[in-house]
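1. the following block contains a protein sequence and its predicted model.
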Amino acid sequence: MASSPTKRSLALLREQGYLAEVVEKWNAHARVRQDLFGIVDILAVRDGETLAVQTTSASNVSKRVQKIAESEAVEVLRKAGWRLHVHGWSKNKTQRKWVCRVVDVS
């Protein structure tokens, strides 16, 4: 069974020593997932660092980068010292492994 980009990003961040949690929530009334501040799926912290991650498939990275750029929250998060990343996941066809493309939009 394939895992979601969110699960893969959580595992990667935890491997890297972050304390990481999903901060998007399911809105049952609207039947949609809602990201923290409209742009954050995962919040990760370690050693005085706060990292906000938007995770997706590799084909949707540019859309997520644009979504963050257009967000009213992004400047406040940057001023607070948060780093912002987009994780784009794709499957390496030769090795059959998931590969994460990290785009730093801090």
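-> Sure thing, it's come through.
2. below-threshold pLDDT in this protein: ranges please.
-> Scanning the chain for pLDDT under 70 picks out 1-2.
3. where exactly do the helices run in it?
-> All helices of the chain, identified by DSSP state H, fall at 5-15, 61-69, 74-79.
4. contacting residues around the nearest residue to Ser90 once chain neighbours are set aside?
-> Among residues not flanking Ser90 along the chain, Ala58 sits closest, at 3.7 Å (CB to CB, 6 or more residues apart in numbering). In short, each C-beta sits where N, CA and C put it, glycine included. Residues near Ala58 by CB atoms under 8 Å, 6 or more residues apart in numbering: Gly88, Trp89, Ser90, Arg101.
5. nearest to Ser62 among the residues you listed?
-> Distance from Ser62 was checked for each of the contacts of Ala58 by CB to CB. The minimum falls on Gly88, at 8.9 Å.
6. is it correct that the closest one is in contact with Asn60?
-> Yes - Gly88 lies in contact with Asn60 (CB atoms under 8 Å); the separation is 7.1 Å.
7. compare the two (neighbour count), which wins?
-> Gly88 (23 against 16; other CB atoms under 10 Å).
8. partner residues bridging Val45?
-> With DSSP bridges as the criterion, Val45 is bridged to Leu19, Thr50.
9. noted, bye for now.
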